[in-house]
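Chemist: When you get a sec, could you give me coordinates for this:
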Amino acid sequence: LPSFLKTPYDVAARTGTTARLECAARGHPLPQIAWQKDGGTDFPAARERRMHVMPDDDVFFITDVKIDDMGVYSCTAQNSAGSVSANATLTVLETPSLVHPLEDRVVSVGETVVLQCKATGSPPPRINWLKGDHSLTVTERHHFTPGNQLLIVRNVVLEDAGKYTCEISNTVGTERAHSQVSVLPSLGCRKDGTTFGIMTIAVVCSIVLTSLVWVCIIYQTRKKSEEYSVTNTDETIVPPDVPSYLSSQGTLSDRQESVENGQQPNGQIQSN
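Modeler: Residues are numbered from 1 along each chain as shown. Below you'll find the predicted structure:
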C-alpha cells in the first residue's frame, strides 16, 4: 500500500500569484500521483492550463491564481496494492473592491436617502460607514441592512448634507469610496428652487397686469374729459323759432350808428 513522503498543507495565495502544493508517495510498485479539486478532475486551473505538475520535485503549481481556484485539493497516491489520499485547502486572497461606484445624491428635507456600498474581496470585506471623519451608528433615522451594504437615512434634515465614506477592509487591505450628499430645503421654504422662481414670476406678472389696467382706465377717463370740454366750448346754435334779442334790437354797431346820427335808441330824434 502506498505511503506518503510529503503531504500537501493548507496554503493562501493572493490573486495573480502562484500557489504551490507538494505531494510525494512511495510503494511497490511506485504509486501514481493524481490531483482533484473538490472531488472532481474538471476544475478551472486544469481547464485553463494554469495547472503544472513537476514529477521530479513532487510539486503541484497553479499559476495566475483566481478566486475560482479556491477550494479543497486532494492528492491521491495509487498503485496495484491500493491508494491513499491527503487534502489541503487553497485560500485565495483578494483586495476589497466596489462592485458599483458610490454615487452622489441630492435630496430634499424630509425625504429618504439610500447609499449602496456593494463590495467583493476575499476574505469577505467588512463595511463601515462614516460621515466626515466620524463613524455612523444606528439611530432613529440611520439604518443599515445586514452586512452594512446599504445606508438608509430617513427624514433627512439640512445637517445630513456632507461627505459620506464607505470603508471596506479585510486582511489583504482597505479601500474607501465617497459620496457627496446635498440636501435642499423643502418645497414650502425653498428659496432658490423652482417653486420660488415660479412664484416670483407670477407676482411680477400680476403687478405688470394691474399697472396696465390702471393705465387704460386713466387714459379712457382723460379722453372722455377732453371730449366733454371741447363740446362745451363750441358756439351755441339757436333754433329759428326762438326770438333773438339781437335780431329784435339790432346789432351793437347799428345802435351805435343811430346814436351818432342824433337818434335815441327808442327811435326818437335828439333835439339841440
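Chemist: Secondary structure element for Ser206, which one?
Modeler: Using DSSP states H and E, Ser206 falls within helix 194-233.
Chemist: Could I have the CA atoms of stretch 12-32 written out in CSV?
Modeler: Output of stretch 12-32 as CSV, limited to C-alpha atoms (Å, rounded to 0.1, in the frame of the first residue of the first chain):
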residue,chain,number,x,y,z
ALA,A,12,-3.1,31.0,1.0
ALA,A,13,-2.3,32.9,-2.2
ARG,A,14,-3.3,36.3,-3.5
THR,A,15,-5.0,36.7,-6.8
GLY,A,16,-2.5,36.8,-9.7
THR,A,17,0.3,35.0,-7.8
THR,A,18,1.3,31.3,-7.9
ALA,A,19,0.1,28.7,-5.4
ARG,A,20,2.3,25.7,-4.6
LEU,A,21,1.2,22.3,-3.2
GLU,A,22,3.5,19.4,-2.6
CYS,A,23,2.7,15.6,-2.6
ALA,A,24,5.0,12.6,-2.7
ALA,A,25,4.5,8.9,-2.0
ARG,A,26,6.3,5.6,-2.1
GLY,A,27,5.3,2.0,-2.5
HIS,A,28,5.8,-1.1,-4.7
PRO,A,29,5.1,-0.7,-7.5
LEU,A,30,5.8,3.1,-7.4
PRO,A,31,2.4,4.8,-6.9
GLN,A,32,1.0,7.3,-9.4
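Chemist: Now do that stretch, average pLDDT.
Modeler: Across stretch 12-32, pLDDT averages out at 95.
Chemist: list the buried ones in it?
Modeler: Residues of stretch 12-32 classed as buried by neighbour count (16 or more other CB atoms under 10 Å): Ala12, Ala13, Thr15, Ala19, Leu21, Glu22, Cys23, Ala24, Ala25, Gly27, Pro31. Every C-beta, even on glycine, is put in place using the N, C-alpha and C of the backbone.
Chemist: you'd agree Thr63 is up against Glu48?
Modeler: No. Using CB atoms under 8 Å as the test, Thr63 is too far from Glu48 to be in contact (9.5 Å).
Chemist: ranges for the helices of the stretch 101-250 of the chain?
Modeler: 194-233, 245-249 (DSSP state H, counting those that start in this stretch).
Chemist: which of these has the lowest average pLDDT?
Modeler: Per-segment mean pLDDT for the helices of the stretch 101-250 of the chain reaches its minimum on helix 245-249, at a mean of 43.
Chemist: Now tell me what touches stretch 66-75 from outside.
Modeler: 7-8, 15, 19, 21, 23, 33-39, 43-45, 50, 60, 62, 85-92, 94, 122 (CB atoms under 8 Å, 6 or more residues apart in numbering).
Chemist: what residues are up against Pro44?
Modeler: Residues near Pro44 by CB under 8 Å, 6+ apart: Arg50, Lys66, Asp68, Asp69.
Chemist: ignore the last one, Pro29
Modeler: Contacts for Pro29 (CB under 8 Å, 6+ apart) come out as Asn79, Ser80, Ala81.
Chemist: Let's see that with 10 Å instead.
Modeler: Pro2, Asn79, Ser80, Ala81 (CB atoms under 10 Å, 6 or more residues apart in numbering).
Chemist: where does it land in three-state SS?
Modeler: Following DSSP: H, G, I helix; E, B strand; the rest coil, Pro29 is assigned to coil.
Chemist: Okay, it and Ser80: tell me how far apart.
Modeler: From Pro29 across to Ser80, the span is 6 Å (CB to CB, to the nearest Å).
Chemist: Repeat that for Thr89.
Modeler: Taking CB to CB, one finds Thr89 at 30 Å from Ser80.
Chemist: Gly40 now?
Modeler: When distance is defined by CB to CB, Gly40 is 24 Å away from Ser80.
Chemist: Just the CA atoms from the longest strand seen in the chain would do, formatted as CSV, please.
Modeler: For the chain, the strand with the greatest residue count under DSSP state E is strand 82-98. Only the C-alpha atoms of strand 82-98 are listed here, as CSV (Å, rounded to 0.1, in the frame of the first residue of the first chain):
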residue,chain,number,x,y,z
GLY,A,82,-4.3,0.4,-3.3
SER,A,83,-4.5,4.1,-2.8
VAL,A,84,-4.1,6.8,-0.2
SER,A,85,-5.3,10.4,-0.2
ALA,A,86,-4.4,13.7,1.5
ASN,A,87,-6.2,17.0,1.4
ALA,A,88,-5.2,20.7,1.5
THR,A,89,-7.2,23.9,1.3
LEU,A,90,-6.2,26.7,-1.0
THR,A,91,-7.4,30.0,0.2
VAL,A,92,-7.4,32.8,-2.3
LEU,A,93,-6.9,36.4,-1.0
GLU,A,94,-8.3,39.4,-2.9
THR,A,95,-8.1,43.1,-2.1
PRO,A,96,-11.6,44.5,-1.4
SER,A,97,-13.2,46.5,-4.3
LEU,A,98,-16.6,48.0,-5.1
